[in-house]
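# task: produce atomic coordinates for the following.
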Amino acid sequence: VDRRLLGAESEQLAVKYLKSRGYKIVCINWTCYAGEIDIVALGNNLIFIEVKSAKGGFCSPCEMFTHKKKKHLERSINTFLEQNFKNKNIPEYRLDLICIFYFWGVGSKHLYHYKNILNTLI
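Take a look at the predicted model:
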C-alpha cells in the first residue's frame, strides 16, 4: 500500500466529513519549517486537524499520533498563528485528530473524530 496515496485519500475523506458537518476548510497540507498541518478549518473557532490512517488492522491510526508528532504539530500551529495573525488577536483554536481505519477485504472504513486533544493524551 502506497502510504502517500493512502494519506491523500484519507485527507480527502476527512475534508468531505468535515464539510458535511458544517466546517469551512481554510487550507489543506499547510507546510512550514516545523512540519505540516493536514487541515485547517473553521467551526466555532479555528481548528487544526491531524489525519491518521491505517490499513489492515495491524495497528491503530491513533497509535501513530505520537508525543513527538504532537510537539511538531504544536510548533507548526504556532508558526501558522504567527504568520497569519501578525499584530492581531489570535483566535481561539483547538487541535483535533481524525483517525481512519481501513479494513482489508471488507472494503469498509471507519472514521473517528477526536476533538480538542491539545492538552490530552491519546
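
# alpha carbons only for contacts and neighbour counts from here, please
Will do.

# so the residue nearest the centre of the chain bridges to which residues?
Note on the chain: the residue nearest the mean C-alpha position is residue 50, at 1.6 Å, using C-alpha atoms, centre = their mean. Beta bridges link residue 50 to residue 97, judged by DSSP bridges.

# low-confidence ranges, this structure, go.
1, 56-59, 104-107, 121-122 (pLDDT under 70).

# the strands in it, which residues?
Along the chain, counting by DSSP state E, strands occupy 24-32, 35-42, 46-55, 93-102, 109-114.

# tell me the most buried of these?
Of all the strands of the chain, strand 46-55 has the most neighbours on average by mean count of other C-alpha atoms under 10 Å, namely a mean of 23.

# so what touches that one?
6-7, 10-11, 14, 37-41, 60-62, 64-65, 77, 91-104 (C-alpha atoms under 8 Å, 6 or more residues apart in numbering).

# can you do 7 Å?
For strand 46-55, contacts defined as C-alpha atoms under 7 Å, 6 or more residues apart in numbering pick out 7, 10-11, 37-41, 60-62, 91-104.

# same question for stretch 114-122.
62, 94, 95, 96, 97, 98.

# mind doing that once more with 6 Å?
Defining contact as C-alpha atoms under 6 Å, 6 or more residues apart in numbering, one finds that stretch 114-122 is touched by 94, 95, 96, 97.

# from residue 101, how far out is residue 108?
8 Å (C-alpha to C-alpha, to the nearest Å).

# likewise residue 11?
In terms of C-alpha to C-alpha, residue 11 sits 13 Å off from residue 101.

# please apply the same query to residue 90.
34 Å.

# go on, residue 63?
12 Å.

# swap in residue 41?
Counting by C-alpha to C-alpha, the gap from residue 41 to residue 101 is 22 Å.

# what does residue 34 give?
In terms of C-alpha to C-alpha, residue 34 sits 27 Å off from residue 101.

# ok, now residue 42?
Residue 42 is 25 Å from residue 101, by C-alpha to C-alpha.

# next one: residue 44
Counting by C-alpha to C-alpha, the gap from residue 44 to residue 101 is 27 Å.
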